[in-house]
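Novice: A predicted structure for the sequence below; I have some questions about it.
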Amino acid sequence: MQVRFLEPGRHQLELDGRALGVRTAAELERGAEIGVERNSTRRLRVIPISTEPPASPERRYDSSVTFLSDLAEAAAQRGVGLPEPAFQKDRSFRGSAITLSDGVHRKGLGLAANTVVVYKLDGNYRRLAGIFGVDRDAAAPVGPKPSVCFTVFVDGRARFASGPMPEDTQPKTVDIDAGKAQVLVLRMSGDWEDNGNLANDMGSFAEARLIGKALQLQRGAGTAGTSRWFL
C-alpha cells in the first residue's frame, strides 16, 4: 500500500481501529506492507502525529494565467479497472467541445465518475478559478440522467463542494485561494442514484486555471540586505 502527497512528518496507521504503528511520510510513499484476508473490505486510517510543513517564505505573484489542461498532472485515476483515459483535456469526456448551459468553452477538463486528478502546485500559484457543470453531451438516449458531485481539495482540505448537480443544474463558479498550496486534488463522483449506474455521469471543469505564478526570490542580488524578485 502506498500513500502519497502527505505532509512530511510522522503518521499513525490504524486498521479497523487497531493501531499498526507509526510511519514517516517518506516510508508511506515508498509503500507499507499490510496483511489482510483476501476478498475482504477493511478500513485503513492515516492519522498525522507530527507534521513538518515546508517552509513558506513570503511570496509575490505575477498576473499570468496557467490552464490546468496545459499542466502535467501528478496522478489521475478513474475508478478501479475502468479503461483509459482517466479524463480529457480541452474537450468533454465524450470528446466534444466543452459545452455547459452557459455556452461553449475552449479550455478545461472533461471528467467522468468516479475520477480523481492530482496536481503538485508546490506553492507556486495564487488562485484557482473555473466553472464546473454537467456537459451537454452527457445525456444519452438510453440510460440514467446525468447527476454529479464535484469537490476540490487543497492540501487535503475540501475547499469547494458542488453538492448534487443533476443535468439541469446551472454551472457553479470555483474561486479558491491557492497561495502556498502544495497539492491540488479534483474529485468528481456520481450522485449515487439510479442504483449506482454512472454511465452518463459526466461534467467539465471549464476554464480551469491557476491565476498568478510565484516570482522567485533571490536574496543578495542587489545591495546588502536587499532582496529581488525574478520571473
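Specialist: Yep, it's here.

Novice: Extract the C-alpha set from stretch 83-98 and format it as CSV.
Specialist: Provided in CSV are the C-alpha atoms of stretch 83-98 (Å, rounded to 0.1, in the frame of the first residue of the first chain):
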residue,chain,number,x,y,z
PRO,A,83,-10.5,2.0,-19.4
GLU,A,84,-8.3,5.0,-20.2
PRO,A,85,-8.3,7.9,-20.4
ALA,A,86,-8.9,9.0,-16.8
PHE,A,87,-10.1,12.4,-18.1
GLN,A,88,-9.9,14.6,-21.2
LYS,A,89,-8.1,17.9,-21.8
ASP,A,90,-9.9,20.8,-23.6
ARG,A,91,-12.9,18.7,-24.5
SER,A,92,-15.7,16.9,-22.8
PHE,A,93,-15.2,13.3,-21.6
ARG,A,94,-17.0,12.1,-24.7
GLY,A,95,-14.7,14.1,-27.0
SER,A,96,-16.9,17.1,-27.9
ALA,A,97,-16.3,20.8,-27.3
ILE,A,98,-16.8,21.6,-23.7
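
Novice: neighbouring strands for whatever helix or strand residue 23 lives in, and are they parallel or not?
Specialist: In the assignment (DSSP states H and E), residue 23 maps to strand 18-24. According to DSSP bridges, strand 18-24 forms sheet pairs with strand 9-15 (antiparallel).

Novice: centre of the chain versus the strand it pairs with, how much separation?
Specialist: Centroid displacement of strand 9-15 relative to its chain, using C-alpha atoms, centre = their mean, to the nearest Å, is 23 Å.

Novice: buried residues in it?
Specialist: Under the neighbour-count criterion of 16 or more other C-beta atoms under 10 Å, strand 9-15 has 11, 13 buried. The way it works is simple: take the backbone N, C-alpha and C, and place the C-beta from them, glycine included.

Novice: Run through who's touching it.
Specialist: 3, 19-25, 28, 32, 34, 36, 42-52 (C-beta atoms under 8 Å, 6 or more residues apart in numbering).

Novice: as a whole number, average confidence for that strand?
Specialist: In this model, strand 9-15 has an average pLDDT of 89.

Novice: Thank you kindly, that will do.
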